[in-house]
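[1] sequence and predicted structure, then a few things I'm wondering about:
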Amino acid sequence: MDKVIIAENLSLSYKEFETIISKASFSIDAGTFVFITGASGSGKSTLLKSLYGAIEPRAGALMVGGVKMNRISTSKLNFLRRHIGIVFQDYKLIKEWTIEKNVMLPLIISGYTKDISGTQVQKLLGHVKLIHQAGKYPPELSGGEQQRVAMARALAHNPILILADEPTGNLDEYSSEVIWNLLEGANTQLKTTIVVVTHHIPSSIKVPYKHYHIEMGNIHEVS
Amino acid sequence: MKSLKNHISLIIALFTVLFSVQIYVAVDRTISAYENRLKNDYSIIVVSNKALAVTEFKAMDSIIERSEPIATDQVLNRLQGEMTKKNLDLLKLTLPKFYRVYLSRFPTPEEIQKLQKKLEKNPVIERVEGYAQTHDTVYKLMLLFKDVVQIFSIAIAAVTSLLILKEMRLWQFQHAERMSIMALFGAPVWLRSAVLFRLAIVDAIIATIVLCLAFFVIEQYGWMDLLLRTVGISIQLFDFLNDALRSLIIALGVSIILTLTIVIGSEEEE
């Protein structure tokens, strides 16, 4: 099976004499559903950031989607990001854009035609049950609805990998369920690799998953 | 309202740059027209002991355009009562030839001096009067005026460019969130910054239109034209085709270059 993520002795830090993740070695197969858990400040989000190139490895090697993340060029990083979907706890939607245009963002970046983008966006907004809100702007929606929009955006360009940082952290039960269903659906139907950083794994998860736990800067496989 | 305010700030700054450039161009045109007028009025006086044709003068220096002999009849007529006809005829024969020499363009004081020396070297020429002193004062005043306007225009352009740069920094901060979200999904720099470029281009076009309107009003009002006519000059203050096109190119150039500076600068900061 192809490896989507390979980390070898990976160390991550923001400052020179500080280590957040120390010499982590792990690999994630394509199509796997992965949970990364850990206490607050343990380095879960930092690890996730390194997977989409927001921070560079301090030491060791990291490969994502076959792209080496060490000293990655801007053009390579952009290319990689066009094949990744990211979901943030704070949604990161563009406030001045409509819901429809927000979902369309990865398709605009990838250069899809308006027709293809439009069809795909309508389908996804249907999946997240927000088709009737397409013309609204993010501030007009509730937190749960905004996260569903972010989820639709992450799926829009059929990415090989979805990275989610506490995707249901601030959500109500209904929105959380929609998000988990969508992530599970992407994993089982589209074989998308999913990496979710969270405090705890929801009991409702039905798909088989891999579980890594971060403690004191060390990452170890739980199951 | 906030967005309108931002637009107006950039439009005013760009308009100021364009206006200062146009004023410089207008002053340059005025000086050229004035130089042309001076050139037509200006001539040097040459006294020679032999008749000289225009071609002979032209052969001495290419700046010489034409020559006109100065009639001596008037002086001789005045002497008619005091001298005998024989003496008068003798005087007529021995009297040197006077010429008014016109030049192809308004010369610099150095050019006059050089020309004067060149002509004086010719054995048939006895005397050359270039009126260099008067000419020098007028010419230096004109150059001073031109230089002052040039320095003023450069200073305005520099200050307003800094203001535009500051304004665009503000735009960048306003759009920073959108740009960083787009970056997370792999948008290249040009796509992320498209909004900045779009705003800059729109404002450059508006600033050019405002400039055209301003000069249209100035020309309609006519006081500038009247002022120039009093010194015998008639120029086109603003050419609504060429000047408008040049202003648009300058406005687009300035705004795009400054946007690029901001975009490249923010790339390095990332």
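    In hand now; what should we look at?

[2] going by C-alpha atoms from here, please, whenever you check contacts or count neighbours.
    OK.

[3] residue A:7 sits in which helix or strand?
    Element membership of residue A:7 [criterion: DSSP states H and E] is strand A:3-12.

[4] quick one: pLDDT of the most centrally placed residue in chain A?
    Central residue of chain A (Cα atoms, centre = their mean): residue A:163, 1.7 Å from the mean position. We have a pLDDT of 93 for residue A:163.

[5] quick one on the thing from earlier: okay, buried residues for the strand holding residue A:7 please.
    For strand A:3-12, burial by neighbour count (16 or more other Cα atoms under 10 Å in any protein chain shown) applies to A:3-7, A:9-12.

[6] ok, now stretch B:33-52?
    Neighbour-count burial for stretch B:33-52 [16+ other Cα under 10 Å]: B:33-39, B:42-48, B:52.

[7] circling back to that earlier point, partners of the helix or strand that the strand holding residue A:7 is followed by, with directions?
    Downstream of strand A:3-12, the next assigned helix or strand under DSSP H and E is strand A:21-29. Strand pairing for strand A:21-29, using DSSP bridges, gives strand A:3-12 (antiparallel).

[8] residues contacting the closest residue to chain A within chain B?
    Of all residues in chain B, residue B:186 sits closest to chain A, at 3.8 Å by Cα to the nearest Cα. Applying Cα atoms under 8 Å, 6 or more residues apart in numbering or on different chains, we find residue B:186 in contact with A:77-82, A:106, A:109.

[9] at 10 Å what do you get?
    When contacts are counted by Cα atoms under 10 Å, 6 or more residues apart in numbering or on different chains, residue B:186 touches A:52, A:74-84, A:106, A:109-110, B:180, B:192.

[10] in strands, which of these fall?
    residue A:84 (DSSP state E).

[11] and the contacts of residue B:186, which are buried?
    Buried subset of the contacts of residue B:186 (neighbour count, 16+ other Cα under 10 Å): A:52, A:77-84, A:106, A:109-110, B:180, B:192.

[12] show me what contacts residue 192?
    This is for chain A. Contacts of residue A:192 (Cα under 10 Å, 6+ apart): A:30-33, A:84-85, A:155, A:158-162, A:183-186.

[13] that's the wrong chain, I wanted chain B
    With Cα under 10 Å, 6+ apart, residue B:192 has these contacts: A:109, B:175-176, B:178-183, B:186, B:263.

[14] do the same with residue B:255
    The contact partners of residue B:255, taken as Cα under 10 Å, 6+ apart, are B:10, B:14, B:161, B:164-165, B:168, B:196-197, B:199-204, B:249, B:261.

[15] what strand or helix carries it?
    Going by DSSP H and E, residue B:255 is in helix B:242-269.

[16] quick one: buried residues of that helix?
    Buried residues in helix B:242-269 (16+ other Cα under 10 Å): B:243-244, B:246-248, B:250-252, B:254-256, B:258-260, B:262-263.

[17] hmm, residue B:171 and residue B:9 touching each other?
    No. The criterion here is Cα atoms under 10 Å, and residue B:9 misses it with residue B:171 at 11.3 Å.

[18] of the two, give the one with the bigger neighbour count.
    residue B:171 (19 against 16; other Cα atoms under 10 Å in any protein chain shown).

[19] and the residue of chain B closest to chain A, which of the three is it?
    Here residue B:186 is coil, with the state taken from DSSP: H, G, I helix; E, B strand; the rest coil.

[20] any idea how far it lies from residue B:122?
    Going from residue B:186 to residue B:122 by Cα to Cα, to the nearest Å gives 79 Å.

[21] pretty sure residue A:218 contacts residue A:22?
    Yes. Residue A:218 lies in contact with residue A:22 (Cα under 10 Å); the separation is 5.8 Å.

[22] looking at the contacts of residue A:192, which are in helices?
    In this view, the contacts of residue A:192 that belong to helices under DSSP state H are A:155, A:183-186.
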